[in-house]
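Visitor: Sequence unavailable; structure follows:
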């Protein structure tokens, strides 16, 4: 039947499932919580659980980003040790603009909305406020430390008669007097019996001055999805840039080593080939092919991509980073004319999927599908 869901290996209609439990949250559901200890105290979060074993934490007070994630109890999202710090503890310009690193934790940390990548002073005369001739940005902008307004958190019927959907929607406003007034509306969906996370983001300009817009997803995976021998698979047309550490350390961008003491982060900008559907696709696949994760997104919104390797002992992570702009960042984008400026009421739209892969048949199929799009240089 079209409205069946797969629950612990059995195909049941929604009605048949309801006959078997007085509360569907025993199987899958949404729960709103408030974290209440240490640096996380006071942070609102939403826990989503699917019948397939996918668990996801949405951090309402951290720009509606994604915190902890697990599949059948196995951690998926990376945990840095920072914790999901309350935004009131964040100092945007502290540590020479690098204080964002103290907020870097979880499956998704978004950069933006008017700035990403490394910081510095940029022109602000477009806002017509004489005392503010320039604005200073820190690493990856201000978005991360802005609480969201929760708009929706509920189970909704599928439009095609399939599995019901767990949906949460939030709104984040980045605004200042005599400056930017941007809004991010984020929708996160998981199928009731699914193992895929779908993000739909819309950024629009509520202000009346042309406003710069940059956006980046820092999608972070940790052990055991990242381990010795893990393979990074992508249709790479060319390598546009690599950090100096990549040449100095000689660690491959394709196959990962075990954790290394004192490892210096490596960053690569890869030029990817989009598939026939207009999406970019990349994957991390375990050495034995037993598990993996695929990330796909609309190339039209985020045409650029970075691979972040943080393989240091005690940190050990890979970041897959779709981006609106090249690694050169804000200043370079203004100089070469590639900076996005949104007029009043103008918007940009972004769609992304994060899918857990299980078993060699699935990981092999994803590898083959990516290879069909494009090859990958050694």
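Guide: Yes, it's here. Keep in mind it's a predicted model, so treat the numbers as computed, not measured.

Visitor: What segments of the stretch 151-300 of the chain are helices?
Guide: Under the criterion DSSP state H, counting those that start in this stretch, helices of the stretch 151-300 of the chain are mapped to 244-249.

Visitor: Buried residues, stretch 365-378. List them.
Guide: For stretch 365-378, the neighbour count (16 or more other Cβ atoms under 10 Å) marks 366, 367, 370, 373, 374, 376 as buried. No exception for glycine: its C-beta is placed from N, CA and C like everyone else's.

Visitor: Now do it: distance to the chain's middle.
Guide: Offset of stretch 365-378 from its chain centre (Cα atoms, centre = their mean, to the nearest Å): 22 Å.

Visitor: what about residue 35, distance to residue 378?
Guide: Distance of residue 35 to residue 378, given as Cβ to Cβ, to the nearest Å: 44 Å.

Visitor: Residue 364 now?
Guide: The gap separating residue 364 from residue 378 is 20 Å, by Cβ to Cβ.

Visitor: Equivalent analysis for residue 254, please.
Guide: In terms of Cβ to Cβ, residue 254 sits 7 Å off from residue 378.

Visitor: same deal with residue 280?
Guide: Taking Cβ to Cβ, one finds residue 280 at 21 Å from residue 378.

Visitor: again, but for residue 170
Guide: From residue 170 over to residue 378 the distance is 42 Å, taken as Cβ to Cβ.

Visitor: Could you do residue 183 as well?
Guide: Distance check for residue 183 against residue 378: by Cβ to Cβ, it reads 44 Å.

Visitor: swap in residue 12?
Guide: 48 Å.

Visitor: Equivalent analysis for residue 372, please.
Guide: Relative to residue 378, residue 372 is positioned 19 Å away (Cβ to Cβ).

Visitor: cool, residue 304 as well?
Guide: Counting by Cβ to Cβ, the gap from residue 304 to residue 378 is 22 Å.

Visitor: now residue 34
Guide: 49 Å.

Visitor: was I right about residue 226 contacting residue 316?
Guide: Yes. Applying Cβ atoms under 8 Å as the test, residue 226 and residue 316 come out as touching, 6.4 Å apart.

Visitor: which outside residues touch the longest helix along the chain?
Guide: Ranked by residue count and defined by DSSP state H, the top helix of the chain is helix 359-373. If you take Cβ atoms under 8 Å, 6 or more residues apart in numbering as the criterion, helix 359-373 is touched by 233-235, 273-275, 281-283, 285-286, 288-292, 294, 357.

Visitor: could you redo the last one with a cut-off of 6 Å?
Guide: Identification of contacts with helix 359-373 by Cβ atoms under 6 Å, 6 or more residues apart in numbering yields 233, 235, 273, 275, 281, 283, 285, 289, 292, 294, 357.

Visitor: who's in contact with the fourth one?
Guide: For residue 275, the contacting residues are residue 373, taking Cβ under 6 Å, 6+ apart as the criterion.

Visitor: any weak-confidence spans in this protein?
Guide: 1-2, 161 (pLDDT under 70).

Visitor: Going by neighbour count, which residues in stretch 226-244 are buried?
Guide: For stretch 226-244, the neighbour count (16+ other Cβ under 10 Å) marks 226, 227, 230, 231, 232, 233, 234, 235, 236, 240, 242, 243 as buried.

Visitor: I'd like the distance between the fourth one and residue 357.
Guide: When you say that, I think you mean residue 231. In this view, residue 231 and residue 357 are 12 Å apart by Cβ to Cβ.

Visitor: wouldn't residue 31 be in contact with residue 47 here?
Guide: Yes. Taking contacts as Cβ atoms under 6 Å, residue 31 lies within contact range of residue 47: 4.7 Å.

Visitor: In terms of secondary structure, what does the helix or strand that residue 67 is a member of contact?
Guide: According to DSSP states H and E, residue 67 maps onto strand 65-71. Counting contacts by 3 or more Cβ pairs under 6 Å, 6 or more residues apart in numbering; DSSP states H and E, strand 65-71 packs against strand 54-59, strand 108-111.

Visitor: tally of neighbours for the residue nearest to residue 300 when sequence neighbours are not counted?
Guide: For residue 300, ignoring the flanking residues on the chain, the nearest one in space by Cβ to Cβ, 6 or more residues apart in numbering is residue 278 at 6.2 Å. By other Cβ atoms under 10 Å, 11 other residues sit near residue 278.

Visitor: just residue 177 next, same as before
Guide: Applying other Cβ under 10 Å, we find 8 residues neighbouring residue 177.

Visitor: any idea how far it is from residue 128?
Guide: Residue 177 is 12 Å from residue 128, by Cβ to Cβ.

Visitor: before we move on, what about residue 254?
Guide: Noted for residue 254: a distance of 49 Å to residue 128, by Cβ to Cβ.

Visitor: Which of the residues in stretch 281-300 are classified as buried?
Guide: 281-286, 289, 291-299.

Visitor: List just the nearest of the residues you listed to residue 103.
Guide: Nearest to residue 103, judged by Cβ to Cβ, of these is residue 295 at 21.2 Å.
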